[in-house]
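Visitor: got a structure for you, letters missing:
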């Protein structure tokens, strides 16, 4: 599966947000990338440009490319409830994102790699598909032989926020996906209604 492997700081500066975590480049240069990023006057953006930028930001945050993102949106639109909130719930229920939320990996990119390299199990079975959709009650754990990995131990030992929709057992290095989160519980700064409006055109 293809994924974005380009410069992270440039993306963060484009959206003026620390999309991939703390970024020294963003702190030093809190303006857009490019030779004239600091001095260039930015023209007023159209409604479409604002909506497109919000979709692109969400894709970068969750590490999803266009086809997969569009399919997730279609799935969200087919479910009862608010489409934008359903979209974020499905993105949060991805296996790589849940591994990151549990604190097993320091970033979503790292979480994706741990899953792809068969270090993660779901309900006792190895799953190496980062986009795997978890269901309430699924138990996500670090594979027994992978518990000594330095990246895992360092990430788990660091102080990380815990989330109400995830039950974490630090001694066993496993957690349970309790439920799909409510929108108010998801900390990402995403205006999901703009994404819905874009796909509704």
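Guide: Alright, I've got the coordinates. This structure is a prediction, so every number in the text was calculated from the model and none was measured. Numbers count the residues shown, from 1 in each chain.
Visitor: which is the next helix or strand following the worst-scoring helix or strand of the chain on mean pLDDT?
Guide: Within the chain, confidence by mean pLDDT, DSSP states H and E is lowest for helix 24-28 among all helices and strands, at a mean of 59. The element immediately downstream of helix 24-28 (helix or strand, assigned by DSSP states H and E) is helix 47-62.
Visitor: Does anything pack onto that next one? Which helices or strands?
Guide: Helix 47-62 sits against helix 8-15, helix 66-78, helix 192-199, with contacts defined as 3 or more Cβ pairs under 8 Å, 6 or more residues apart in numbering; DSSP states H and E. Using the backbone N, CA and C atoms, a C-beta is placed for each residue, glycine as well.
Visitor: for these, which one sits closest to residue 141?
Guide: Closest to residue 141 of the helices and strands packed on helix 47-62 is helix 66-78 (Cβ to Cβ; 24.8 Å).
Visitor: Can you give me the buried ones in the closest one?
Guide: For helix 66-78, burial by neighbour count (16 or more other Cβ atoms under 10 Å) applies to 68, 69, 72, 73, 76.
Visitor: What's the local residue count around the residue lying closest to the second one once chain neighbours are set aside?
Guide: Right, the one you point to is residue 69. Spatial nearest neighbour of residue 69, chain neighbours left out: residue 59 (5.3 Å); criterion: Cβ to Cβ, 6 or more residues apart in numbering. Here the number of neighbours of residue 59 (other Cβ atoms under 10 Å) works out to 17.
Visitor: ok, the nearest residue to residue 68 once chain neighbours are set aside to residue 13 distance?
Guide: Nearest residue to residue 68 in three dimensions, chain neighbours excluded: residue 131, at 6.3 Å (Cβ to Cβ, 6+ apart). Residue 131 is 27 Å from residue 13, where distance means Cβ to Cβ, to the nearest Å.
Visitor: Which one's more surrounded, those two?
Guide: More neighbours surround residue 13 than the other of residue 131 and residue 13, with 22 against 18 (other Cβ under 10 Å).
Visitor: what is the rounded mean pLDDT of stretch 46-62?
Guide: Stretch 46-62 shows an average pLDDT of 92 in the prediction.
Visitor: For that stretch, which outside residues touch it?
Guide: 4, 11, 15, 17, 19-20, 45, 64-66, 69, 91, 94, 97, 108, 188, 190-192, 194-195, 197-199, 201 (Cβ atoms under 8 Å, 6 or more residues apart in numbering).
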